[in-house]
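[1] Sequence first, then the predicted structure:
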Amino acid sequence: MTLLRITSNLRVVKIVNGVETPLTEQEARVTTEQNQQGLMSVTAQFTDDYRMEDGVRYALKFTVTNLLKKH
């Protein structure tokens with residue numbers, strides 16, 4: 001039996017003084033890949049022209065919306 005995780009609202013957020021601001025697709029791209037065992041790989045890549053700021057925190061956030069059992 002394999003658990004398949006369905007995720008949504010994948011995003012990269014910029015955190016300044018505890019305030020989260022989602023980056024747009026023009027600033028960072030998030031891609032997902034799921035293997036045969038149901039494990040999910042998530043990658044976030046900043047676009048070439050995006051400049052990260054000193055002292056700023058960035059986080060990859062998502063919501064697990066469902067767990068499905070595959071036999």
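    Nice, thanks for sending it over. These figures come from a predicted structure and were not determined experimentally.

[2] Contacts only, for Thr24.
    Applying Cβ atoms under 8 Å, 6 or more residues apart in numbering to Thr24 gives no contacts. C-beta coordinates here come from the backbone N, C-alpha and C atoms, glycine included.

[3] Could you look up the SS state of it?
    coil (DSSP: H, G, I helix; E, B strand; the rest coil).

[4] Relative to Phe46, how far out is it?
    The gap separating Thr24 from Phe46 is 11 Å, by Cβ to Cβ, to the nearest Å.

[5] Please verify my assumption that Ile15 contacts Leu60.
    No: using Cβ atoms under 8 Å, Ile15 makes no contact with Leu60, being 11.6 Å away.

[6] Keeping just the C-alphas, turn stretch 40-60 into PDB.
    Written as PDB, here are the backbone C-alpha positions of stretch 40-60 (Å, rounded to 0.1, in the frame of the first residue of the first chain):
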ATOM      1  CA  MET A  40       6.800  13.900  -3.900                       C
ATOM      2  CA  SER A  41       9.800  16.000  -4.800                       C
ATOM      3  CA  VAL A  42       9.300  19.700  -4.800                       C
ATOM      4  CA  THR A  43      11.800  22.200  -6.200                       C
ATOM      5  CA  ALA A  44      11.700  26.000  -6.100                       C
ATOM      6  CA  GLN A  45      13.900  27.900  -8.500                       C
ATOM      7  CA  PHE A  46      14.300  31.700  -8.400                       C
ATOM      8  CA  THR A  47      14.300  33.300 -11.900                       C
ATOM      9  CA  ASP A  48      17.500  34.700 -13.200                       C
ATOM     10  CA  ASP A  49      16.600  38.300 -12.700                       C
ATOM     11  CA  TYR A  50      15.300  37.900  -9.100                       C
ATOM     12  CA  ARG A  51      17.700  39.300  -6.400                       C
ATOM     13  CA  MET A  52      17.600  37.900  -2.900                       C
ATOM     14  CA  GLU A  53      17.900  40.400  -0.100                       C
ATOM     15  CA  ASP A  54      20.300  40.100   2.800                       C
ATOM     16  CA  GLY A  55      18.700  39.200   6.100                       C
ATOM     17  CA  VAL A  56      15.400  38.200   4.500                       C
ATOM     18  CA  ARG A  57      14.000  34.700   5.100                       C
ATOM     19  CA  TYR A  58      12.400  32.600   2.200                       C
ATOM     20  CA  ALA A  59      10.200  29.600   2.700                       C
ATOM     21  CA  LEU A  60       8.600  27.000   0.400                       C
END
